[in-house]
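**Q** for reference, the sequence and a predicted model appear below.
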Amino acid sequence: MKLNTKNLKAIQDLYPDELAHCYGCGKMNPNGFHLKSYMVDNETIAHFTPEPKYTALPGSVYGGLLASILDCHGTGSAAAFVCENENIPLDGSINIPIRCVTASLKVDFKAPTQMGVALELKGKLRSIEGRKIWVDMTLSANGTICASGEILAIRLKD
Ligand SMILES: CCCCCCCC/C=C\CCCCCCCC(=O)SCCNC(=O)CCNC(=O)[C@H](O)C(C)(C)COP(=O)(O)OP(=O)(O)OC[C@H]1O[C@@H](n2cnc3c(N)ncnc32)[C@H](O)[C@@H]1OP(=O)(O)O
């Protein structure tokens, strides 16, 4: 699915500049992946097309790269779900005040991930318990789920 992001703000672009140096998703990191995740109808979605240098076997994407983008999609999603839960706007009117880091990340690799196509990552909130946020994720290529992930993100204390 091609996502029209014209009227949407990427969650990671709502992190304040001083906390936006993450290699996977920080807008301030000139060498990073700049993953951008969006909240659409109570789920999060991101697209990313890996460069051929991230090859595993010829024609397929290296699993470590897939884990990296799931990691950043997961923490961004966790922050966004907390914002939704607390009626904090994600429209870019403010930088989001919620900071989440990864405590645990599990990835299941289900099928080789085709190189050269836009990968689609989706995140759904499983639960929020205090500072613990669980998000379930999928990563698809050409409509085939190639990996699934679950993340436990922890909301940092103020
Ligand atoms: C990393 C430094 C961050 C600095 C601040 C930056 C601001 C962030 C701003 C914008 C974010 C954008 C960046 C995106 C990042 C992309 C994703 C990454 O690569 S993140 C990097 C990799 N992750 C880490 O390096 C975490 C290292 N771990 C820690 O710092 C701590 O362990 C932390 C914060 C996760 C928890 O420490 P506690 O002292 O705040 O809290 P406790 O009490 O230990 O845990 C809270 C609850 O979570 C459970 N918990 C913690 N870790 C768990 C685990 N591995 N599995 C299961 N439960 C766990 C505990 O049992 C506890 O549960 P009960 O409240 O008692 O029910």
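**A** Happy to help now that I have it. Residues are numbered from 1 along each chain as shown.
**Q** for the residue nearest to Thr49 when sequence neighbours are not counted, give me its contacts.
**A** With sequence-adjacent residues excluded and distances taken as C-beta to C-beta, 6 or more residues apart in numbering, Thr49 is closest to Ala118, at 4.8 Å. C-betas here are computed from N, CA, C, even on glycine. Ala118 sits next to 47-49 when contact means C-beta atoms under 8 Å, 6 or more residues apart in numbering.
**Q** for Ala118, give me phi and psi.
**A** Torsion angles at Ala118 (phi, psi; degrees, to the nearest 10) stand at phi -70, psi 120.
**Q** now do the same end-to-end measure for stretch 91-110.
**A** Distance between the two ends of stretch 91-110: 35 Å, counting by C-alpha to C-alpha, to the nearest Å.
**Q** is any part of that stretch close to the ligand?
**A** Yes: using C-beta under 6 Å from any ligand atom, stretch 91-110 comes into contact with the ligand via 99, 101-104.
**Q** of the residues you listed, just the buried ones, PyMOL syntax please.
**A** The following PyMOL line selects those of the residues of stretch 91-110 next to the ligand that are buried, judged by 16 or more other C-beta atoms under 10 Å:
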select buried, resi 99
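**Q** check the residue of the chain found nearest the ligand and give its pLDDT.
**A** Closest approach between the chain and the ligand, counting by C-beta to the nearest ligand atom: Ala103, at 3.4 Å. Listed pLDDT for Ala103 reads 98.
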